[in-house]
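[1] below are the sequence and a predicted model for it; my questions follow.
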Amino acid sequence: KAGVTQTPRYLIKTRGQQVTLSCSPISGHRSVSWYQQTPGQGLQFLFEYFSETQRNKGNFPGRFSGRQFSNSRSEMNVSTLELGDSALYLCASSLALTNTEAFFGQGTRLTVV
Amino acid sequence: DQQVKQNSPSLSVQEGRISILNCDYTNSMFDYFLWYKKYPAEGPTFLISISSIKDKNEDGRFTVFLNKSAKHLSLHIVPSQPGDSAVYFCAARYSGYALNFGKGTSLLVTP
């Protein structure tokens, strides 16, 4: 079965712009999480959605937002981009919020110039 | 506040030998632990997991050990192969909450 699909793979934006990233989870998975990876910081949790509701949120400013649709697809939006937002943004899907494995997409590499 | 810590940023091991990657955690509510492997420009790939009710889980060349009293887990790779060279992330979660990741350990397996 198809894995987690993230689009686009690469993106270059200018400071002050906004960006929307998309994630399609594995079929049947209802939980989608977003992570930011920067050098030396590991994977930092942004937020998690389950059944179209945000269930958990990490320690990121309000410029970072997301949503989940009825088909479990999720989008993440970053407004007023800053240079420090340049990172690999990873989406992960899992069956549920409880103890199950999360499966990652290949990520979207965002560069802010 | 880093609840999952991987204190060794890098590790180098000879092919055929054992690789031991370590991870410590601070939150005693964590009850599920996972290891992920990541190659550059790709998303992390799930490797192996362990529930807090167990102290060992084995899958082929990979074994994860959990010491709850010490809040410590480790991943053993035996024998190590050059294709195992990657960044390994330790992660932990408790029911209803998101995965917490360590910063990763870069493993290099030399021929």
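    Cool, the structure landed.

[2] tell me the pLDDT at the nearest residue to B:L108 once chain neighbours are set aside?
    Closest residue to B:L108 apart from its sequence neighbours, by Cβ to Cβ, 6 or more residues apart in numbering or on different chains: B:S12 at 4.6 Å. For every residue, glycine as well, the C-beta is placed using N, CA and C. On pLDDT, B:S12 comes in at 98.

[3] does anything pack onto the one helix or strand B:S12 maps to? Which helices or strands?
    Using DSSP states H and E, B:S12 sits in strand B:10-14. Packing contacts for strand B:10-14, counted by 3 or more Cβ pairs under 8 Å, 6 or more residues apart in numbering or on different chains; DSSP states H and E, involve strand B:19-25, strand B:105-110.

[4] please identify the most buried of the ones you listed.
    strand B:19-25 (a mean of 21; mean count of other Cβ atoms under 10 Å in any protein chain shown).

[5] walk me through which strands that strand pairs with, and which way each runs.
    strand B:4-5 (antiparallel), strand B:72-77 (antiparallel) (DSSP bridges).

[6] what about B:R61, neighbour count?
    B:R61 has 14 neighbouring residues, counting by other Cβ atoms under 10 Å in any protein chain shown.

[7] also A:S22?
    Around A:S22 there are 15 other residues, counting by other Cβ under 10 Å.

[8] from A:V4, how far out is it?
    11 Å (Cβ to Cβ, to the nearest Å).

[9] hmm, back to that, can I get the strand holding B:S12 in CSV, CA atoms only?
    Provided in CSV are the C-alpha atoms of strand B:10-14 (Å, rounded to 0.1, in the frame of the first residue of the first chain):
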residue,chain,number,x,y,z
SER,B,10,28.1,10.1,16.5
LEU,B,11,29.4,6.5,16.7
SER,B,12,31.8,4.7,14.4
VAL,B,13,31.9,0.9,14.3
GLN,B,14,33.7,-1.7,12.2
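
[10] okay if I get the strands paired with strand B:19-25 as a markdown table plus mean pLDDT and mean neighbour count?
    Shown next, in a markdown table, are these (pLDDT from 0 to 100; neighbours: other Cβ atoms under 10 Å in any protein chain shown):
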| stretch | mean pLDDT | mean neighbour count |
| --- | --- | --- |
| strand B:4-5 | 95 | 20 |
| strand B:72-77 | 98 | 20 |
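
[11] so which bits of stretch A:9-21 are buried?
    A:K13, A:V19, A:L21 (16 or more other Cβ atoms under 10 Å in any protein chain shown).

[12] point out where chain A drops to low pLDDT.
    A:1, A:97-99 (pLDDT under 70).

[13] any idea how far the spatially most central residue of it is from chain B?
    Against the mean C-alpha coordinate of chain A, by Cα atoms, centre = their mean, the closest residue is A:W34 at 3.2 Å. In this structure, A:W34 and chain B are 10 Å apart, going by Cβ to the nearest Cβ, to the nearest Å.

[14] can I assume that residue sits in a helix?
    No - under DSSP: H, G, I helix; E, B strand; the rest coil, A:W34 sits outside any helix and is assigned strand.
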